[in-house]
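Chemist: Quick check, what structure comes out for this input:
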Amino acid sequence: MTPGLGAEPLVDGTPTHLVERKKEVPERESWGKKIDFLLSVIGFAVDLGNVWRFPYICYKNGGGAFLIPYLTMLVFGGLPLFYMELALGQFQRCGCFTLWKRICPMLKGIGLAICVMNTFVAWYYNTVIAWAVYFFFDSFRQVPPWLSCNNTWNTPNCTTFEQRIVATAPTCTPEVGRKVLGIQYADGISRLGNVNWSIALALLGVFLLVYFALWKGIKSSGKVGVLLPLGHVTLARHTTVTRRQKTVNNRIDSQWDTTDNRFDKTPYL
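Modeler: Purely as a prediction, here's the structure:
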């Protein structure tokens with residue numbers, strides 16, 4: 001159909017300005033399989049904080065009583081926000097900075113804040129993962145360092161697990177504090193000590209793994225997402241071992257306030 005006088009030209013029935021806008025916006029990638037998306041979301045939702053930090057927070061704040069405020073905030077706060085994030089990402093198919101700018105230009109600072117926050121979280125969690133990588137390679141030694149007291153970083157009261165003594169200082173605790181963190185060389189923020197090159201190399205390796213997992217976008221990150229739930233399965237299997245069941249029960253046992261017969265106030269603060 002020929003456009004009338006003064007009408008905007010059409011390209012295959014579409015106005016010219018819309019065709020030019022589509023050319024300016026690059027086409028975004030999409031997930032190859034639903035299972036890749038599902039496993040990646042599971043790995044994102046059940047992250048290191050849930051596996052590593054949640055048991056300690058639960059035990060410190062009332063045990064099983066902590067699950068009541070936790071599940072309440074999860075249902076009314078965490079899950080709706082998580083679903084909103086997935087829905088907005090699927091609808092707009094763009095990054096967080098561009099997404100909030102499209103919703104409202106005044107809200108583009110939210111996207112910038114998300115990027116800055118993710119940067120700090122990456123440094124924090126990757127450092128913890130670097131510790132795990134360091135211990136992983138240390139475990140392949142014929143005699144792991146935490147089973148011996150012949151190391152330079154051991155404390156004077158160090159005892160092995162085979163020694164029977166009333167007052168002990170296990171080797172595993174000094175290894176984390178003195179060998180890995182190097183707390184004996186630091187004197188506050190003014191003097192942090194020398195660089196621990198073993199941990200630095202492990203941290204570099206972790207960042208390289210993250211880079212190669214993301215360098216092709218969701219095509220590569222979707223494949224890596226298959227490996228993320230394996231850690232959660234291993235943790236679930238570890239907690240079902242007979243020797244560990246008593247420890248788990250002690251951690252989730254609800255702590256009541258015996259003075260006025262109500263839940264401990266700490267979980268709700």
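
Chemist: Buried residues of the one helix or strand K219 maps to, list them for me.
Modeler: Following DSSP states H and E, one finds K219 within helix 218-224. Using 16 or more other Cβ atoms under 10 Å as the test for burial, helix 218-224 gives 218, 221-224. The C-beta positions use only the backbone N, C-alpha and C, and glycine is treated the same way.

Chemist: next one: stretch 36-44
Modeler: Result for stretch 36-44 [16+ other Cβ under 10 Å]: buried residues 36-37, 39-40, 43.

Chemist: got any ranges where the stretch 151-269 of the chain has weak pLDDT?
Modeler: 153-155, 159-193, 222, 225-226, 228-232, 234-235, 237-269 (pLDDT under 70).

Chemist: try 80
Modeler: Low-confidence segments of the stretch 151-269 of the chain, defined by pLDDT under 80: 151-196, 216-269.

Chemist: and W100, how many neighbours?
Modeler: For W100, the count of nearby residues is 22 (other Cβ atoms under 10 Å).

Chemist: again with the one 5 residues further on
Modeler: Other residues near P105 come to 9 when the count uses other Cβ under 10 Å.

Chemist: For it, list the residues it contacts.
Modeler: By Cβ atoms under 8 Å, 6 or more residues apart in numbering, the contact list for P105 is empty.

Chemist: Spell out the residue ranges of the strands in the stretch 1-150 of the chain.
Modeler: Secondary structure of the stretch 1-150 of the chain by DSSP state E, counting those that start in this stretch: the strands cover 10-11, 14-15.

Chemist: Going by mean pLDDT, which of those strands comes out lowest?
Modeler: Note on the strands of the stretch 1-150 of the chain: lowest mean pLDDT is at strand 10-11, with a mean of 53.

Chemist: Quick check, K108 in contact with G95.
Modeler: No: if you go by Cβ atoms under 8 Å, K108 and G95 don't touch, sitting 11.2 Å apart.

Chemist: Neighbour count: these two, which is higher?
Modeler: A count of neighbours by other Cβ under 10 Å puts K108 above the other of K108 and G95, at 17 against 14.

Chemist: Roughly how far does the more buried one sit from C115?
Modeler: Relative to C115, K108 is positioned 11 Å away (Cβ to Cβ, to the nearest Å).

Chemist: what touches both of those two?
Modeler: Jointly contacting K108 and C115 under the rule Cβ under 8 Å, 6+ apart are F97.

Chemist: of the buried residues of helix 218-224, closest to P55?
Modeler: Each of the buried residues of helix 218-224 was checked against P55 using Cβ to Cβ; the closest is V224, at 25.3 Å.

Chemist: how about the closest one, what does it touch?
Modeler: By Cβ under 8 Å, 6+ apart, V224 lies in contact with A213.

Chemist: quick revisit: just the CA coordinates for the helix holding K219, please, in PDB.
Modeler: C-alpha atoms of helix 218-224 as PDB (Å, rounded to 0.1, in the frame of the first residue of the first chain):
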ATOM      1  CA  ILE A 218      24.700 -17.600  28.800                       C
ATOM      2  CA  LYS A 219      26.000 -20.200  26.300                       C
ATOM      3  CA  SER A 220      29.000 -20.900  28.600                       C
ATOM      4  CA  SER A 221      27.400 -19.900  32.000                       C
ATOM      5  CA  GLY A 222      24.500 -22.300  31.300                       C
ATOM      6  CA  LYS A 223      26.900 -25.200  31.000                       C
ATOM      7  CA  VAL A 224      28.600 -24.200  34.200                       C
END
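
Chemist: circling back: which of the buried residues of stretch 36-44 fall in helices?
Modeler: Within the buried residues of stretch 36-44, residues falling in helices by DSSP state H are 36-37, 39-40, 43.

Chemist: export these to JSON lines and tack on pLDDT?
Modeler: Shown next, in JSON lines, are those (pLDDT from 0 to 100):
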{"residue": "D36", "pLDDT": "75"}
{"residue": "F37", "pLDDT": "79"}
{"residue": "L39", "pLDDT": "77"}
{"residue": "S40", "pLDDT": "77"}
{"residue": "G43", "pLDDT": "74"}
